[in-house]
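S.K.: dropping a prediction and its sequence here:
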Amino acid sequence: GTNLGEAGRFWLNNLVLGDTSTTYKLDVAGTTKLRQGVVMATDSGNVGIGTTAPANKLSVSGQADMTSLSVGTSTAQTAGNGYFTGTVTAGAFSGGSYAGTINAANVSSGSFGGNTGGGTYSFSGNVGIGTTNPTRKLSINGSADAYLDFKVADVAKSVIGADGYGPFILYDQTAAAYRMVVNSSGNVGIGTTGPGAKLSIVAPTGTNVLTLQAGSNASAYWQIGQNAGGGTNDDTFSIYSGTYGPSHNYAPVMTANNAGNVGIGTTNPLHKLDVNGSFYSELVVKGNCTGAVTIDWNAGNTQHCVLTGNVTFTFSNGQSGGSYKLVLKQGGTGSYTVTWPASVRWGSGVAPTLTTTVGKTDYAGFFYNGVDSTYDGNAFNANF
């Protein structure tokens with residue numbers, strides 16, 4: 001039906017153009033243009049705003065302002081929110097801001113730009129980079145390597161991650177060098193990409209391997225490794241102590257060279273053991289001795305007995321070439337005697353006579369002859 005109203009106006013219950021259907025208030029069959037270049041509806045069902053050639057169900061050329069947006073769902077969103085049930089493909093999220101919340105099942109093939117508006121990105125689940133199946137809070141996948149790149153003022157500094165050298169690496173981009181590698185065997189390499197032991201440390205020629213310092217105390221400073229202490233012999237193992245600083249007041253503690261010689265207090269040992277300075281063997285005090293008494297030389301090279309009765313000695317664990325000393329003090333009423341082991345030999349074939357006076361001390365020295373398995377008495381000093 002048609003109603004004629006005021007001048008220039010009329011009312012239609014239904015308007016059908018290009019068809020005979022009266023199902024809709026406005027039914028247009030074929031391409032329709034409303035105000036040329038503004039709205040375009042094609043006979044394929046596509047609608048264009050700002051374009052005369054819409055390629056999709058809705059094509060918008062220009063800026064679109066919406067208080068909310070739902071894609072792939074008929075669920076209405078509250079103002080300022082958008083909901084996407086499919087995949088969101090973005091050339092770049094940049095140059096603008098989004099004040100609400102975007103819920104997306106998948107976000108792919110795009111990048112987040114630098115204009116974040118000072119906001120924070122948060123993800124409640126796992127995040128995958130290079131993988132669609134992240135199993136951790138952050139999963140990074142690469143065909144040959146997987147790295148995290150760290151920069152300062154947009155200058156590359158370091159990389160951590162995994163590559164052909166192992167499941168964990170630390171790479172210095174400034175020096176273009178691997179600083180640490182943990183390989184698939186669990187070996188850790190510092191200064192090397194091929195650690196052959198649980199800890200392998202490789203330092204450049206002329207440098208120290210390991211430095212130990214107690215807090216900020218510069219006088220409690222130790223260096224361990226080849227060429228420690230700032231020396232030049234890279235085929236030696238050394239331990240140094242001293243003050244760290246420009247003066248480098250290092251003192252050699254121990255050095256082992258490639259000839260198998262060990263030096264204590266010297267960096268140039270010429271013999272199997274070279275000691276620069278004095279050394280001593282701690283006195284082992286046996287206490288009161290009477291009856292059968294065993295002297296175990298592993299306990300110490302110098303041992304002390306207070307005779308409170310006659311004693312029969314047994315010696316054990318003498319080392320070939322070792323020198324030993326036994327200190328004997330008369331206790332009790334004095335005049336006590338000793339019976340030496342059968343392995344003890346005296347130069348004259350006769351054992352020396354002990355002091356009998358109470359409180360007096362005798363010193364007996366022995367050299368262990370490993371060829372004959374004997375303790376040869378080479379010194380005896382009495383009545384001290």
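M.R.: Done, it's in.
S.K.: look up which residues are beta-bridged to Val127.
M.R.: Here Val127 sits in beta bridges with Leu138, going by DSSP bridges.
S.K.: show the contacting residues for it.
M.R.: Pro134, Lys137, Leu138, Ser139 (C-beta atoms under 8 Å, 6 or more residues apart in numbering). C-beta coordinates here come from the backbone N, C-alpha and C atoms, glycine included.
S.K.: hmm, Thr131 is touching Ser139, no?
M.R.: Yes: applying C-beta atoms under 8 Å, one finds Thr131 in contact with Ser139, separated by 5.4 Å.
S.K.: want to throw the contacts of Val127 into TSV with pLDDT?
M.R.: As requested, the contacts of Val127 are exported to TSV (pLDDT from 0 to 100):
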residue	pLDDT
Pro134	88
Lys137	89
Leu138	90
Ser139	90
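S.K.: where in the stretch 101-250 of the chain is pLDDT low?
M.R.: Flagging of the stretch 101-250 of the chain using pLDDT under 70 yields the residue ranges 101-122, 205-209, 214-221, 225-235, 242-250.
S.K.: in it, which spans are strands?
M.R.: Along the stretch 101-250 of the chain, counting by DSSP state E, counting those that start in this stretch, strands occupy 102-108, 127-129, 138-140, 146-152, 155-163, 166-172, 177-182, 188-190, 199-201, 210-213, 221-226, 237-243, 249-256.
S.K.: show me what the third one is packed up against.
M.R.: Taking 3 or more C-beta pairs under 8 Å, 6 or more residues apart in numbering; DSSP states H and E as contact, the helices and strands that strand 138-140 lies on are strand 127-129, strand 146-152.
S.K.: out of those, flag the one nearest Lys198.
M.R.: Smallest distance to Lys198 across these (C-beta to C-beta): 24.4 Å, for strand 146-152.
S.K.: so which bits of that closest one are buried?
M.R.: Across strand 146-152, burial judged by 16 or more other C-beta atoms under 10 Å covers Ala146.
S.K.: which positions in stretch 181-193 come out as buried?
M.R.: Val181, Val182, Asn183, Asn187, Val188, Gly189, Ile190, Gly191, Thr192, Thr193.
S.K.: could you dump the strands of the stretch 101-250 of the chain to CSV with distance to Ala299?
M.R.: As requested, the strands of the stretch 101-250 of the chain are arranged in CSV below (distance: least, C-beta to C-beta, whole Å):
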stretch, distance to Ala299
strand 102-108, 75
strand 127-129, 64
strand 138-140, 59
strand 146-152, 57
strand 155-163, 52
strand 166-172, 48
strand 177-182, 44
strand 188-190, 39
strand 199-201, 35
strand 210-213, 31
strand 221-226, 30
strand 237-243, 27
strand 249-256, 24
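S.K.: ok, Thr52 to Val371 distance?
M.R.: The gap separating Thr52 from Val371 is 113 Å, by C-beta to C-beta, to the nearest Å.
S.K.: likewise for Ser124?
M.R.: Counting by C-beta to C-beta - Ser124 and Val371 are separated by 81 Å.
S.K.: can you check Gly161 too?
M.R.: Gly161 is 63 Å from Val371, where distance means C-beta to C-beta.
S.K.: with Thr193 instead?
M.R.: Distance from Thr193 to Val371, counting by C-beta to C-beta: 52 Å.
S.K.: please apply the same query to Thr131.
M.R.: Per C-beta to C-beta, Thr131 is found 73 Å from Val371.
S.K.: neighbour-wise, which of these two wins?
M.R.: Using other C-beta atoms under 10 Å, the more surrounded residue of Thr131 and Val371 is Thr131, with 14 against 6.
S.K.: OK, contacts around the more buried one?
M.R.: Residues in contact with Thr131, defined by C-beta under 8 Å, 6+ apart, are Ser139, Ile140, Asn141.
S.K.: so which of the residues you listed is the closest to Ala177?
M.R.: Nearest to Ala177 among those, with distances taken as C-beta to C-beta, is Ile140, at 22.2 Å.
S.K.: how much space between the closest one and Gly128?
M.R.: From Ile140 to Gly128 the distance is 8 Å (C-beta to C-beta).
S.K.: again with Val285
M.R.: Val285 is 71 Å from Gly128, by C-beta to C-beta.
S.K.: of those two, who's got more company?
M.R.: Gly128 (15 against 12).
S.K.: now the host helix or strand of Ala292: buried residues?
M.R.: When elements are assigned from DSSP states H and E, Ala292 belongs to strand 283-296. Neighbour-count burial for strand 283-296 flags Val284, Lys286, Cys289, Thr290, Val293, Ile295 (criterion: 16+ other C-beta under 10 Å).
S.K.: and the next element down the chain from it?
M.R.: strand 302-316.
S.K.: for Val155, give its distance to Asp172.
M.R.: 13 Å.
S.K.: pick out whichever of these two has more residues nearby.
M.R.: Using other C-beta under 10 Å as the criterion, Val155 and Asp172 rank with Asp172 on top: 14 against 8.
S.K.: what's the nearest residue to that one if we skip its chain neighbours?
M.R.: Sequence neighbours aside, Arg179 is the residue nearest to Asp172 in space, at 5.1 Å (criterion: C-beta to C-beta, 6 or more residues apart in numbering).
S.K.: now do stretch 341-361, average pLDDT.
M.R.: Stretch 341-361 comes out with an average pLDDT of 94.
S.K.: which parts of it are buried?
M.R.: Within stretch 341-361, the residues scored as buried using 16+ other C-beta under 10 Å are Ser343, Val344, Arg345, Ala351, Leu354, Thr355, Thr361.
S.K.: what sits opposite the last one in the beta ladder?
M.R.: Listed beta-bridge partners, Thr361: Lys329 (assigned using DSSP bridges).
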